[in-house]
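Q: need a structure here:
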Amino acid sequence: MERLGIRFLDRASEIERGEDKFCSWAKIAREGKDVYVTEANISCPLARYNLGFSGYSHELARILVGWGDAENEKAAQTYLKSAHTLRDIKVVQLSLTLEEPDIVVYFGTPDEMMRKVREYSSRTGKRIPGTALRNGESQLFSGLWREQEKGDKKG
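A: You can find the predicted model right below:
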C-alpha cells in the first residue's frame with residue numbers, strides 16, 4: 001500500500017514550474033519527487049475549487065457535466081456546494097516521505113483499503129470520513145490517519 005503525505009505551508013523555497021492538473025502533480029509525487037503546488041501552477045478548475053484557489057461558479061458546474069462527472073448542472077451544483085473545500089492555503093506539499101503530514105492519502109487494492117479501514121475503526125471506534133474507488137484502485141483520504149500513524153509510532 002502506498003502512502004502520500006500532504007502538508008499545507010505558508011510558503012516554499014521551491015515551487016514547481018509549469019502548470020498542470022493536481023492529479024498530475026500527485027502522480028509526480030508518487031514517483032518519488034517532492035512537489036509544491038500553488039495557485040499559480042494548478043490548472044484543473046475542480047482542484048482549484050477544492051483547494052480554495054477559486055470560488056463556486058456555474059461554469060465549474062457545466063465543466064463537471066462536460067467531463068461526465070455529473071449527470072446535469074443541478075447534480076453538479078449539489079456536489080460542489082456540499083464539498084469540504086480548503087481555505088487560506090498558500091502551498092500544498094506532496095511527498096512520499098513527509099513525517100508530519102496534515103493529510104495522508106493511501107493508495108491500494110480494495111482488499112488493502114478494507115484492512116486499513118478496519119484497523120483504524122477497531123482502534124478508534126470511529127468511521128473514516130471519506131473514501132473513493134477510481135479505476136479499480138482504491139484511494140482513502142483522511143486527516144484522521146495522521147492520528148493513527150502517531151499512535152503507531154508510540155505503540
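Q: Give me the local confidence score for D69.
A: Note on D69: pLDDT of 90.
Q: how much space between it and Y79?
A: Noted for D69: a distance of 8 Å to Y79, by Cβ to Cβ, to the nearest Å. C-betas here are computed from N, CA, C, even on glycine.
Q: next one: M1
A: Applying Cβ to Cβ, the value for M1 to Y79 is 28 Å.
Q: T97 now?
A: Distance of T97 to Y79, given as Cβ to Cβ: 33 Å.
Q: So for these two, which residue has more residues nearby?
A: Remark: of T97 and Y79, Y79 carries more neighbours, 14 against 10, as counted by other Cβ atoms under 10 Å.
Q: That one contacts L64, correct?
A: Yes: the criterion here is Cβ atoms under 8 Å, and Y79 meets it with L64 at 6.9 Å.
Q: Just give me the neighbour total for L80.
A: Counted with other Cβ under 10 Å, residues neighbouring L80 total 19.
Q: Surely it is in a helix?
A: Yes: assessed by DSSP: H, G, I helix; E, B strand; the rest coil, L80 belongs to a helix.
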